[in-house]
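K.L.:
What follows is a predicted protein model with its sequence.
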Amino acid sequence: MSKRPNIWAAVTAASFSLALVTAPMATASPAPSTAQNSVNQLLPSSSSHLPLIPLASKPAPPRDPEKINVLVNKVYPLVPRKYTPKLRTISGTDVRLRPEAAAAYKKLLAAARKDGVRIRLTSGYRSYSVQAGLLEKYTRAYGLDYALRIAARPGTSEHQTGLAIDVGNPSRACALRDCFATTKVGRWMAKKAPKYGFILRYPEGQESVTGYKYEPWHFRFVGVTQAKSMAGFKSLEHYYGVSKASTKTPKTSKSAQGTKITTANLNLRTGPSTSESIIKTVKKGSKVQLAGKSSGVWIKVKHGGKTGWMSSEYLR
Ligand SMILES: [Zn+2]
């Protein structure tokens with residue numbers, strides 16, 4: 001935790017009201033600026049699976065962590081960051097899940113057993129501090145850039161919602177590897193999990209949208225109704241029609257104008273992500289000029305002749 005950059009250290013002091021004020025702006029349907037950024041990219045590829053809700057009237061993605069369909073990713077962190085859900089332990093394991101997800105998992109497990117498939121539940125709820133430890137471990141092993149492709153920063157992990165599960169085979173075959181998709185459990189889950197309200201959260205080839213490498217073992221409970229209506233959508237981000245969660249290729253939305261005051265020491269970065277380079281650190285209490293673009297919680301600003309991106313959560 002102590003190794004996190006400034007902005008994340010300040011996160012616990014985040015102002016709720018500000019986060020709520022900035023969220024609708026950040027989640028508005030993005031205006032296409034280039035062919036690559038076209039909103040069409042957010043539509044399912046198959047015309048037989050048109051979105052159920054027209055994009056124009058798409059509601060903002062749920063941010064309330066008590067909602068089972070809450071969107072949590074690198075751009076939409078948990079509010080509050082140290083959110084703790086109500087939890088229930090899954091019998092025969094030391095894994096804990098939100099009661100809604102636990103009940104659904106029980107049904108899924110029974111259905112799998114009927115089909116002759118034994119599922120090993122390897123992970124469920126992870127607290128803020130456990131997630132921080134996990135990211136540190138991966139960072140030591142692989143370096144921060146790669147670690148962030150496979151593990152979330154604390155306060156941005158779906159596991160912290162108590163709604164996400166990692167599953168495996170009893171034999172541990174292909175555990176946490178791409179080839180898990182070809183195993184008995186991997187194949188069964190890909191096909192049947194949505195029926196019980198669980199979606200494959202990080203599909204293959206969607207890292208630029210979801211922010212994570214392919215994880216055929218990670219499933220997210222969103223409820224049976226939503227899981228069914230998500231057929232044809234490549235990811236939860238596509239379903240909600242929001243900007244890419246991986247911010248290597250920034251996607252911009254509604255313009256933002258005017259001036260704001262920083263409520264913490266904030267890093268001005270070359271792009272809307274903590275993985276982007278720091279241009280400079282802007283002191284708490286500084287006046288910044290909004291530069292007309294935002295992406296998730298990130299906003300483009302000008303300060304002292306420099307233009308870059310900073311988190312809108314610490315501006316008022
Ligand atoms: Zn996972």
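P.N.:
Noted; the coordinates are in hand.

K.L.:
Might you report the residue contacts of the closest residue to the ion within the stretch 1-150 of the chain?
P.N.:
As assessed by CB to the ion, the ion sits closest to Ser123 within the stretch 1-150 of the chain, at 5.7 Å. Glycine gets a C-beta too; all of them are placed from N, C-alpha and C. Contacts for Ser123 (CB atoms under 8 Å, 6 or more residues apart in numbering) come out as Val95, His159, Ala164, Ile165, Asp166.

K.L.:
Can you read off the pLDDT for it?
P.N.:
At Ser123, the model reports a pLDDT of 97.

K.L.:
re earlier: quick check, nearest of the contacts of Ser123 to the ion?
P.N.:
Comparing the contacts of Ser123 against the ion with CB to the ion places Asp166 closest, at 4.1 Å.

K.L.:
Identify the residues contacting that closest one.
P.N.:
Leu121, Thr122, Ser123, Gly124, Leu176, Glu215, Trp217, His218, Phe219 are the contacts of Asp166 under CB under 8 Å, 6+ apart.

K.L.:
between the residues you listed, which is closest to Lys184?
P.N.:
Distance ranking of those against Lys184, using CB to CB, places Trp217 first at 12.8 Å.

K.L.:
for that closest one, what are its contacts?
P.N.:
Thr122, Asp166, Val167, Gly168, Ala175, Leu176, Phe180, Gly186, Met189.

K.L.:
Pull the CA coordinates from stretch 145-156 and hand them back as PDB.
P.N.:
The C-alpha trace of stretch 145-156 is given here as PDB (Å, rounded to 0.1, in the frame of the first residue of the first chain):
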ATOM      1  CA  ASP A 145       2.900  -2.700 -15.900                       C
ATOM      2  CA  TYR A 146       2.200  -6.500 -16.300                       C
ATOM      3  CA  ALA A 147       0.800  -6.700 -12.700                       C
ATOM      4  CA  LEU A 148      -1.900  -4.200 -13.600                       C
ATOM      5  CA  ARG A 149      -2.900  -6.300 -16.600                       C
ATOM      6  CA  ILE A 150      -3.700  -9.300 -14.300                       C
ATOM      7  CA  ALA A 151      -4.600  -7.700 -11.000                       C
ATOM      8  CA  ALA A 152      -6.600  -4.700  -9.900                       C
ATOM      9  CA  ARG A 153      -5.500  -1.900  -7.700                       C
ATOM     10  CA  PRO A 154      -7.200  -2.100  -4.300                       C
ATOM     11  CA  GLY A 155     -10.600  -0.300  -4.500                       C
ATOM     12  CA  THR A 156     -11.000  -1.200  -8.200                       C
END
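
K.L.:
list the buried ones in it?
P.N.:
Ala147, Leu148, Ala151, Ala152, Arg153, Pro154, Gly155, Thr156 (16 or more other CB atoms under 10 Å).

K.L.:
chain center to stretch 156-169: distance?
P.N.:
11 Å (CA atoms, centre = their mean, to the nearest Å).

K.L.:
what's the answer for stretch 279-296, then?
P.N.:
Using CA atoms, centre = their mean, the offset of stretch 279-296 from its chain centre is 23 Å.

K.L.:
tell me the mean pLDDT over it?
P.N.:
Averaging pLDDT along stretch 279-296 yields 85.

K.L.:
Can you list phi and psi of the residue nearest to Pro77 when sequence neighbours are not counted for me?
P.N.:
Excluding the flanking residues, the one nearest Pro77 by CB to CB, 6 or more residues apart in numbering is Thr156, at 4.5 Å. Dihedral pair for Thr156: phi -130, psi 10, per degrees, to the nearest 10.

K.L.:
Identify the bridge partners of the residue of the stretch 151-300 of the chain found nearest the ion.
P.N.:
Proximity of the stretch 151-300 of the chain to the ion (CB to the ion) peaks at His218, 3.6 Å away. For His218, the beta-bridge partners are Asp166 (DSSP bridges).

K.L.:
burial measure for the closest residue to Phe221 other than its chain neighbours, as a count.
P.N.:
Nearest-residue entry for Phe221: Ala101, 3.9 Å, with adjacent residues in sequence omitted and distances by CB to CB, 6+ apart. Using other CB atoms under 10 Å, Ala101 has 31 neighbouring residues.
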